[in-house]
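Asks: Sequence first, predicted coordinates after that:
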Amino acid sequence: RRGSFPRSEAKAGRSDLIFLIRFRHCCLLRDQRCLLAYLYDRLLRIRALRWEYGSVLPNTIQFHMSAEEVEWFNRYKKSLATYMRSVGGEEGLDLTQDIKPPKSLYIEVRCLRDYGEFEIDDGTTILLKKNSQHFLPRWKCEQLIRQGVLEHILS
Amino acid sequence: QRVLLLVASDVDALCACKILQALFQCDHVQYTLVPVSGWQELETAFLEHKDQFKYFVLINCGANVDLLEILQPEEDTFFFICDSHRPINVVNVYNDTQIKLLVKQDDDLDVPAYDDIFRDEEDEEEDSENESDGSEPSEKRRRFEEDVIERTMKRRQRREWEARRREILFDYEQYEYHGTSSAMVMFDLAWIMSKDLNDMLWWAIVGLTDQWVQDKITQMKYVTDIGILQRHVSRHNHRNEDEDNSLSIDCMRIAFEYDLRLALYQHWSLYESLCNTSYTSASFKLWSVQGQKRLQEFLADMGLPLKQVKQKFNSMDMSLKENLREMIEESANKFGMKDLRVQTFSIHFGFKNKFSASDIVYATASLMENVEKEGPETTNFIKALDSLSRGNLDKLHQGLDLAKKQLRAIQQTVASCICTNLVISQGPFLYCSLIEGTPDVKLFSKPVSLCLLSKYLLKSFVCSTKNKRCKLLPLVMAAPMDVEQGTVIMVGIPPETESSDKKNFFGRAFEKAADSTNSRTLHNHFDMSIIELKTEDRSKFLDALISLLS
């Protein structure tokens, strides 16, 4: 324990340095708390990424994550998947869909920027150009709406 | 199955698109909407999307060209075309597999008969057959002669048929005009499906009014279509008369009006509206000092003080507004304006919101061709599309402001053109060219604005000139389009007469003139009478046009 360090110096006879040492010690503890808070905040954001982007993160984001963080993400993913499989009967329930209660089955969305081709799980590709409008089932668009590529149009 | 909507850039197309979107949303048909402003964009959009879609719907584009030839689609691709452009290309009419046209039953298409234009390939007589016969030389020669005569007859028949075909096609395709508004056709579709709503009816009304504002249909057709829509309006909006069952003020209502023909007058001041509407401005000849005096006399005749007339219409005294329409009509008759009132519709929702159909047309058109904001053209299209929904009143008001600026700019340009005699007769047509540096010239680099300017200019010119022959001439108008690329946009409009059938021959004329002079032209717009060309080629193009039409 680091707590013993100042006493040994004091025992060594340099009692005038005690306040300096204690001050430095407090700073170190504070730095440690800040680092832990920062790392914890990063963890929370990485967890939120799973809900925002899905199970595959874009390369630009993975580039900024450390190896340990990637491993943590994978384990979180696995844990979430196990939980989702256990809920909701045979197939499991995808909790990342429909985070807000949906008002309709199909929605009208507008593309806010040139995104290129987007492939959905069932194989259909949609070409997303700026200012094109689409009328699609809600589940196909949700991810892109969250990413800010598509905008939900209410008529 | 998903559908791709390709929508042209005019107000009628936007209205038809809104109706179709509503129908698709009702039936959960997945679609993608791509705005297209010309043939190039249409082709690009088709190429980009052809792998993902089998069904294409084209609104106000595609009917007047051989679509299959241009796009070269796969065999299992289907095109549904709802286009008011006429004449419809004969290939599109007679194709019964891939092209489906949405046309009203009583729209007279005047299409030539199938046998007059199409002919199955016939096998030519084979002469080698006779030579394999082991018959006598004289018999062979006789048969050979008969064959030759037969073949010559067939060839002559074929040439005659082809000459007749060329003539028939020339007559059919010579004049461009417009059929029923696409928005009305779409509303008809909704009605047949029993899915029509008051909102869709309003869009159909705006679509028809757009055709009227842009002078695309004859007066008779307009009145007939108004009658058709009036029946629907009564059906949807009859609850207001019944005191017990009347709707809340916030509900949307459409009402038939025999309203004044003054542009945007309820959102402007009466004075501004009188000055900036082409009908009144041309009749009074407001570009001249005497014209201004006549306007003052007109207002005095009605007993309207200048101060009242120059303030916002909503702030005018109630006592003056009470019988305004009848009063104005009476005075207008004295001053030679017999058609100051026109049959139209208006929409009410809430206490403050009352708009006439023509207000919406002007506002939407200005938003669509807004040159003030930089950015892709599609942004303007989207904004204009949004403004047609009642929830987007801020965009509508923005459109109204832009429309006022546009109308003012048009009137000022018209006045300066007439005062400086910029409209010159080239023989078979009148010609006017806007030079770079004219105020607001950027506004007129867009096709719809330029067409509006041309029509107003022609109306005013006809009122101002004393030359009887010039009054009957059509007008060709040119304006700089892109200074960097050195291009000019040119439109041709038919002559301004009382009983004009609005048929425009400039489409074919421009094509021929461009071919004969090898000018670098681009027929990008869906209206064939609008072209873009390089500034250097302008004079030789015009010379060719003059000699062609003389």
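Replies: Noted; the coordinates are in hand. These numbers come from a predicted model, not from an experiment.
Asks: biggest helix in chain A by residues?
Replies: helix A:18-53 (DSSP state H).
Asks: Have a look at chain A and report the helix or strand with the lowest mean pLDDT.
Replies: helix A:4-11 (a mean of 57; mean pLDDT, DSSP states H and E).
Asks: excluding its backbone neighbours, what's nearest residue B:291?
Replies: residue B:285 (3.8 Å; CB to CB, 6 or more residues apart in numbering or on different chains). Glycine gets a C-beta too; all of them are placed from N, C-alpha and C.
Asks: Spell out which parts of the stretch 1-150 of chain B neighbour chain A.
Replies: Residues of the stretch 1-150 of chain B that fall close to chain A, judged by CB under 8 Å from any CB of the partner chain: B:2, B:21-22, B:24-25, B:28-35, B:48-49, B:51-52.
Asks: For residue B:64, give me the pLDDT.
Replies: Residue-level confidence at residue B:64 comes out at 88, pLDDT.
Asks: The closest residue to it other than its chain neighbours: neighbour count?
Replies: Spatial nearest neighbour of residue B:64, excluding adjacent residues (CB to CB, 6+ apart): residue B:85 at 4.6 Å. By the measure other CB atoms under 10 Å in any protein chain shown, the count of residues near residue B:85 is 24.
Asks: residues in contact with residue B:85?
Replies: Residues counted as contacts of residue B:85 (CB atoms under 8 Å, 6 or more residues apart in numbering or on different chains) are B:60, B:61, B:63, B:64, B:176, B:178, B:179, B:526, B:527.
Asks: hang on, the last one in a strand?
Replies: Think residue B:527. No: assigned with DSSP: H, G, I helix; E, B strand; the rest coil, residue B:527 falls outside any strand and is coil.
Asks: before we move on, the earlier item: mind giving me the PyMOL select for the residues of the stretch 1-150 of chain B next to chain A, buried ones only?
Replies: PyMOL command restricting the residues of the stretch 1-150 of chain B next to chain A to the buried ones, with burial defined by 16 or more other CB atoms under 10 Å in any protein chain shown:
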select buried, chain B and resi 2+21+22+24+25+29+30+31+32+33+34+35+49
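Asks: Phi and psi next, for the closest residue to chain A within the stretch 401-550 of chain B.
Replies: When scored by CB to the nearest CB, the stretch 401-550 of chain B has residue B:446 as its residue closest to chain A, at 17.6 Å. When quoted as degrees, to the nearest 10, the phi and psi of residue B:446 stand at phi -100, psi 140.
Asks: who's in contact with it?
Replies: B:369, B:371.
Asks: change it to 10 Å
Replies: For residue B:446, the contacting residues are B:9, B:37, B:365, B:368-371, B:377, B:380, B:406, B:452, B:479, B:481, B:489, by CB atoms under 10 Å, 6 or more residues apart in numbering or on different chains.
Asks: For the residues you listed, give me a markdown table that also has neighbour count and secondary structure.
Replies: Below are those laid out as a markdown table (neighbours: other CB atoms under 10 Å in any protein chain shown; DSSP: H, G, I helix; E, B strand; the rest coil):
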| residue | neighbour count | secondary structure |
| --- | --- | --- |
| B:9 | 26 | coil |
| B:37 | 23 | coil |
| B:365 | 26 | helix |
| B:368 | 27 | helix |
| B:369 | 25 | coil |
| B:370 | 21 | coil |
| B:371 | 16 | coil |
| B:377 | 18 | helix |
| B:380 | 23 | helix |
| B:406 | 26 | helix |
| B:452 | 22 | helix |
| B:479 | 25 | strand |
| B:481 | 21 | strand |
| B:489 | 23 | strand |
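Asks: Can you add pLDDT and distance to residue B:154 and give those back as a markdown table?
Replies: What follows is those, written out as a markdown table (pLDDT from 0 to 100; distance: CB to CB, whole Å):
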| residue | pLDDT | distance to residue B:154 |
| --- | --- | --- |
| B:9 | 91 | 49 |
| B:37 | 89 | 48 |
| B:365 | 93 | 55 |
| B:368 | 91 | 55 |
| B:369 | 89 | 55 |
| B:370 | 87 | 60 |
| B:371 | 82 | 59 |
| B:377 | 78 | 53 |
| B:380 | 89 | 57 |
| B:406 | 93 | 61 |
| B:452 | 93 | 54 |
| B:479 | 92 | 53 |
| B:481 | 88 | 51 |
| B:489 | 92 | 48 |
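Asks: By neighbours, which of the contacts of residue B:85 wins?
Replies: Busiest of the contacts of residue B:85 [other CB under 10 Å] is residue B:60, holding 30 neighbours.
Asks: Could you measure from that residue over to residue B:11?
Replies: For residue B:60, the distance to residue B:11 equals 10 Å [CB to CB, to the nearest Å].
Asks: which residues do those two both contact?
Replies: Common neighbours of residue B:60 and residue B:11 (CB under 10 Å, 6+ apart) are B:181, B:183, B:207.
Asks: domains for the chain, by residue range?
Replies: Just so you know, I chose chain A. Domain assignment for chain A by the TED database gives A:8-86, A:106-152.
Asks: please go with chain B instead
Replies: B:3-107, B:194-408, B:422-549.
Asks: would TSV of these with distance to residue A:63 be doable?
Replies: Formatted as TSV, those follow (distance: least, CB to CB, whole Å):
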stretch	distance to residue A:63
domain B:3-107	31
domain B:194-408	31
domain B:422-549	40
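Asks: Quick one: closest of those domains to residue A:18.
Replies: domain B:194-408 (67.4 Å; CB to CB).
Asks: So what would you say the end-to-end distance of that closest one is?
Replies: For domain B:194-408, the first-to-last residue distance is 43 Å (CA to CA, to the nearest Å).
Asks: Could you list the low-confidence segments of the stretch 451-550 of chain B?
Replies: Applying pLDDT under 70 to the stretch 451-550 of chain B flags no residue at all.
Asks: show me where it has strands.
Replies: Using DSSP state E, counting those that start in this stretch, the strands of the stretch 451-550 of chain B run over B:475-482, B:487-493, B:521-522, B:530-534.
Asks: so of the ones you listed, which one's packed in deepest?
Replies: Of all the strands of the stretch 451-550 of chain B, strand B:487-493 has the most neighbours on average by mean count of other CB atoms under 10 Å in any protein chain shown, namely a mean of 24.
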